[in-house]
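Q: model this:
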Amino acid sequence: MNQPRILADYPQSMQDEVATVRQIVADLHAELPRYELVVWTAGNVSQRVRHPEIADGSADLFVIKPSGVAYDELTAQYMVVCTLDGKLLDGTRAPSSDTAAHAYTYEHMPQVGGVVHTHSTYATAWAARGEEIPCVLTMMADEFGGPIPVGPFAIIGDDSIGRGIVSTLSESRSPAVLMRNHGPFTIGKDAKAAVKAAVMCEEVARTVHISRQLGNPVAIDQKHIDSLYERYQNVYGQ
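A: Prediction:
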């Protein structure tokens, strides 16, 4: 009979990386209330820890916040470590209630290194209406490569939300999806990139909402969206 795995079973280099990622994830959680993306204990950030010897990602882990802990109490030691089937590997508290969604995303999107979930007001309002956010801003073309899509309705508790995230984002350049009647989930190469996408998602959700109160936002031609996206993703910055 196979014994349950523990963190000590993994290579030392991976154990060291877990310690580093615990601090990164703890620090990034502070960005969610800072940008007013969450209230109380809602929302979560996670980051993948890649196995140095198994390249297909099947043995990777991820670090995520525990369930029900206030943001001003979160420290690196509170962060929990899970396997890609969503099981707790290391930590003294229960993982976030959204752990199954994060796990499914990592398992089925091996390029993803970070996942964020928020209940930010404007993005969640679009999710409540089941309406994608149209690409009417150059910053949307830059960051999202088009509209921010809507994912299917799914109940928390199993991998249903993760399935909706993966099926929707696999057909989009957007790093954000508005899960219907729930709220935004964002992905990135790491947790920092996913947090940035969450901040940007809320910003454009608010701006486009205000624009619609004033009239009809003007669509951007697809050729310009493609050009802006290509430049921002591959040329812009250092």
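Q: gap between the lengthiest helix in the chain and the chain center?
A: Among the elements of type helix in the chain, defined by DSSP state H, the one spanning the most residues is helix 191-214. Counting by C-alpha atoms, centre = their mean, to the nearest Å, helix 191-214 is centred 14 Å from the centre of its parent chain.
Q: next secondary structure after that helix?
A: Beyond helix 191-214 in the direction of the C-terminus, DSSP states H and E gives the next helix or strand as helix 222-234.
Q: what distance separates that following helix from the centre of its chain?
A: So, by C-alpha atoms, centre = their mean, the centroid of helix 222-234 is 22 Å from its chain's centroid.
Q: again, but for stretch 71-81
A: For stretch 71-81, the separation from the chain centroid amounts to 18 Å (computed by C-alpha atoms, centre = their mean).
Q: how close does the residue lying closest to Pro175 once chain neighbours are set aside sit to Gly164?
A: If the residues on either side of it in the chain are set aside, Pro175 comes closest to Ala197, at 4.3 Å by C-beta to C-beta, 6 or more residues apart in numbering. Where you see a C-beta, it was placed from the backbone N, CA and C, and this is true even at glycine. Taking C-beta to C-beta, to the nearest Å as the measure, Ala197 falls 17 Å from Gly164.
Q: re earlier: got a list of what the residue nearest to Pro175 touches?
A: 116, 143-144, 175-176, 186-188 (C-beta atoms under 8 Å, 6 or more residues apart in numbering).
Q: could I get these as CSV with neighbour count and pLDDT?
A: Formatted as CSV, these follow (neighbours: other C-beta atoms under 10 Å; pLDDT from 0 to 100):
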residue, neighbour count, pLDDT
Val116, 33, 98
Glu143, 24, 97
Phe144, 25, 98
Pro175, 25, 98
Ala176, 27, 99
Thr186, 29, 98
Ile187, 26, 98
Gly188, 21, 98
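Q: and of these, the nearest to Lys65?
A: Each of those was checked against Lys65 using C-beta to C-beta; the closest is Val116, at 10.7 Å.
Q: that closest one and Thr186 touch, don't they?
A: Yes - Val116 lies in contact with Thr186 (C-beta atoms under 8 Å); the separation is 4.7 Å.
Q: show me where the chain has helices.
A: Residue ranges of the helices in the chain, as given by DSSP H, are 12-29, 31-34, 99-108, 121-129, 138-144, 160-169, 191-214, 222-234.
Q: out of those helices, which comes closest to Gly57?
A: If you check each of the helices of the chain against Gly57 by C-beta to C-beta, helix 99-108 wins as the nearest, at 7.6 Å.
Q: sorry, back to before: list the buried residues of the longest helix of the chain.
A: By 16 or more other C-beta atoms under 10 Å, the buried positions in helix 191-214 come out as 191-209.
Q: send the alpha carbons of it over as PDB?
A: Output of helix 191-214 as PDB, limited to C-alpha atoms (Å, rounded to 0.1, in the frame of the first residue of the first chain):
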ATOM      1  CA  ALA A 191       1.400  34.500  -9.300                       C
ATOM      2  CA  LYS A 192       2.600  38.100  -9.800                       C
ATOM      3  CA  ALA A 193       1.400  38.100 -13.400                       C
ATOM      4  CA  ALA A 194      -1.900  36.600 -12.400                       C
ATOM      5  CA  VAL A 195      -2.300  39.300  -9.700                       C
ATOM      6  CA  LYS A 196      -1.500  42.000 -12.300                       C
ATOM      7  CA  ALA A 197      -4.200  40.500 -14.600                       C
ATOM      8  CA  ALA A 198      -6.700  40.600 -11.800                       C
ATOM      9  CA  VAL A 199      -5.900  44.300 -11.100                       C
ATOM     10  CA  MET A 200      -6.200  45.100 -14.800                       C
ATOM     11  CA  CYS A 201      -9.400  43.100 -15.200                       C
ATOM     12  CA  GLU A 202     -11.100  45.200 -12.500                       C
ATOM     13  CA  GLU A 203      -9.800  48.400 -13.900                       C
ATOM     14  CA  VAL A 204     -11.200  47.700 -17.400                       C
ATOM     15  CA  ALA A 205     -14.400  46.400 -16.000                       C
ATOM     16  CA  ARG A 206     -15.000  49.600 -14.200                       C
ATOM     17  CA  THR A 207     -13.900  51.900 -17.100                       C
ATOM     18  CA  VAL A 208     -16.100  50.100 -19.700                       C
ATOM     19  CA  HIS A 209     -19.000  50.100 -17.300                       C
ATOM     20  CA  ILE A 210     -18.700  53.900 -16.900                       C
ATOM     21  CA  SER A 211     -18.300  54.300 -20.600                       C
ATOM     22  CA  ARG A 212     -21.600  52.500 -21.200                       C
ATOM     23  CA  GLN A 213     -23.300  54.900 -18.900                       C
ATOM     24  CA  LEU A 214     -22.300  57.700 -21.200                       C
END
